[in-house]
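# model this:
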Amino acid sequence: MNSPSTESSLLSLSQLAAMVAARRTLIIATVVVVVGATAAITASLPRQWTASSDIYVDYRENDPINGRNFSAMLDDSYMQTQIDMIKSQVVAQQVVDSLNLTQSARYKEAVQKLGEARAHDDLIDNLNKNTDVINKRGSRVLEVAYTAATPEMARDYSAAVVNAFIGLTQQIASRAARSRTEQYSAQLEQLRKEADAIQENITRYQRETGLLKATDNDDIDTRRLNQLSLQLADVRAQQQAAQARSEATRQLVQRGIRPDDIPEVGQFGPIQELRGKLNDVERRLTEAQSTLGDRHPTVIGLVSERQELRARLDRSSRAAMDSQGGDTARLSMQEAALNRDIEAQRDRVLKQMQGRDRLVSYERQLASVQQIYNAALQKYDGLLMASNITLPNLAVLRAAELPSAPSGPKVRRNLISGLLVGVAAGLFMALMLELFNRRVRTRDDLLKGLPLPLIGTIGRRGALA
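Okay, the predicted model is just below:
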């Protein structure tokens, strides 16, 4: 019985159950066919073997080579990065090289069919596809599994992937250390050349100026300049005193005072001696005149001697007065000579001060470069020590072993999946057949399909034959 209203109405559970019961043979047959096909396909699939290794991944919170600090909050991203590295093309390429996969007959055959580039890409993709990395949340242990056609291949490939990953990690670490070492070596070499250039300038300047140190001859020349200044002051004082004496003597002479009576002139030894002799002659002359008279030869001789002594005294006095002027001229010449010496010594001191300042500038530059060089050298030594310390951040907790049982195909899983698919297909086919070819199988079919009252039922309660 076909009814448009029935097709558009909802089916009750009793109707569905009646349809399934009526089509149970079809459903069972479908399940058997699907499960049988699944079993046949599973049996025809080649066996696969899986070998796995466990790797403990750790990292130092402080990286002395790259100068970076890691946080525990970055644990998940760091582990995901390690997983991506394991399944990277670089690791796959190292596996290819370590196992000499490009020399296999299968690869050579693929090269002939597809070309070398396509065959190589397929080989890399196949390696990455068969490599599985499992990481439990919150754990730093990675399980690296590889699935192959034979147990030996699975074990060898899994070990090769782990070794390639460890090698890549060490290569990255050593590359960073080598790069930093090269940078510091270049910087040290540049600083060393700069220090050598400054030292050469210092040596050349010392040779040109004669200064061995910035303080060489500085105190000696300064003291020499001070001594000359003191000598000049003393000469000027003597000159002023000599000029004053000469001026006083000249004024006394202008007043009519005999030169030998002037204290500054009479104090000379020869004049005092002549004055003593003159006084003695005058005393004797006075005594002789009082007793012998002016015409006596003794008196005449004493008068002549007195005149001679007076002439000698006048000459000595004039010589003494002239010597005062000569002292003034001599002191003036000495002052001029001291002024020339002071000027030359001052130029020498200023030149040495200028040379000292330039030498101090060179030495300051050299000290600054040496300080930077020593700091860089200490950093370089620490970098070398850090790069030479072998503290691996990877450890193989469990090496890949020869698997004892195949990992695929999954017979139980495939059969269960086939059973579920068969049941679903059988139910679907049964319902489709019932919906497109409706029959009266329950009371609900009559009540929903015909607008007539139901008088009664015959047979099982709630069902129609």
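
# which SS state does Ser53 fall under?
Going by DSSP: H, G, I helix; E, B strand; the rest coil, the secondary structure assigned to Ser53 is strand.

# how many other residues sit next to it?
One way to gauge burial is a neighbour count; for Ser53, by other C-beta atoms under 10 Å, it gives 22. In short, each C-beta sits where N, CA and C put it, glycine included.

# What of the one 4 residues further on?
Using other C-beta under 10 Å, Val57 has 20 neighbouring residues.

# Would you enumerate the residues in contact with Gly426?
Gly426 makes contact with Arg23, Leu26, Ile27, Ile28, Ala29, Thr30, Val31 under the criterion C-beta atoms under 8 Å, 6 or more residues apart in numbering.

# so where does it fall, helix or strand?
When elements are assigned from DSSP states H and E, Gly426 belongs to helix 411-436.

# quick one, helices of the stretch 301-450 of the chain?
Using DSSP state H, counting those that start in this stretch, the helices found in the stretch 301-450 of the chain span residues 411-436, 443-449.

# can you pull the contacts of the closest residue to Ile342 other than its chain neighbours?
On the basis of C-beta to C-beta, 6 or more residues apart in numbering, the spatially nearest residue to Ile342 that is not a chain neighbour turns out to be Leu228, at 4.8 Å. Leu228 sits next to Leu338, Asp341, Ile342, Gln345 when contact means C-beta under 8 Å, 6+ apart.

# go again using 6 Å as the cut-off
Asp341, Ile342, Gln345 (C-beta atoms under 6 Å, 6 or more residues apart in numbering).

# Now that we have these, which of them are buried?
With burial judged by 16 or more other C-beta atoms under 10 Å, the buried subset of the contacts of Leu228 is Ile342, Gln345.

# Include pLDDT and distance to Gly138 when you put the contacts of Leu228 into CSV, please.
Converted to CSV, those look like this (pLDDT from 0 to 100; distance: C-beta to C-beta, whole Å):
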residue, pLDDT, distance to Gly138
Asp341, 83, 92
Ile342, 82, 89
Gln345, 75, 86
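
# ok, so of the contacts of Leu228, who is nearest Asp97?
Proximity of those to Asp97, judged by C-beta to C-beta, is greatest for Gln345, which lies at 82.3 Å.

# For the closest residue to the closest one other than its chain neighbours, pull up the helix or strand it's in.
What sits nearest to Gln345 in space, not counting adjacent residues and going by C-beta to C-beta, 6+ apart, is Leu225, at 4.6 Å. Here Leu225, judged by DSSP H and E, is contained in helix 218-254.

# Kindly report the same for Val144.
Counting by DSSP H and E, the secondary-structure element that holds Val144 is strand 141-148.

# Residues touching that strand, excluding its own?
The contact list for strand 141-148 (C-beta under 6 Å, 6+ apart) reads 48-50, 52-57, 130-135, 154, 157-158, 161-162.

# ditto for stretch 33-45
Pro409, Val411, Asn414, Gly418, Leu419, Val421, Gly422.

# can you list contacts of the helix or strand that contains Arg106?
When secondary structure is defined using DSSP H and E, the element that contains Arg106 is helix 105-114. Contacts with helix 105-114, where a contact means C-beta under 6 Å, 6+ apart, come from Leu101, Ala119.

# And the strands in the chain?
Remark: strands assigned in the chain by DSSP state E are 49-57, 62-63, 68-69, 131-135, 141-148, 394-398.

# Ok, which of the ones you listed comes nearest Ala375?
Of the strands of the chain, the one closest to Ala375 (C-beta to C-beta) turns out to be strand 62-63, at 19.8 Å.

# before we move on, the earlier item: could you list the buried residues of the helix holding Arg106?
With burial defined by 16+ other C-beta under 10 Å, the residues of helix 105-114 counted as buried are Tyr107, Ala110, Val111.

# again with stretch 141-153
Buried, per 16+ other C-beta under 10 Å, within stretch 141-153: Leu142, Glu143, Val144, Ala145, Tyr146, Thr147, Ala148, Pro151, Met153.

# excluding its backbone neighbours, what's nearest the last one?
Using C-beta to C-beta, 6+ apart and skipping residues adjacent in sequence, the residue nearest Met153 is Trp49, 7.4 Å away.

# returning to that earlier point: would CSV of the strands of the chain with mean pLDDT and distance to Thr291 be doable?
Compiled in CSV, the strands of the chain are given as follows (pLDDT from 0 to 100; distance: least, C-beta to C-beta, whole Å):
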stretch, mean pLDDT, distance to Thr291
strand 49-57, 89, 147
strand 62-63, 54, 130
strand 68-69, 53, 132
strand 131-135, 91, 154
strand 141-148, 91, 152
strand 394-398, 86, 145
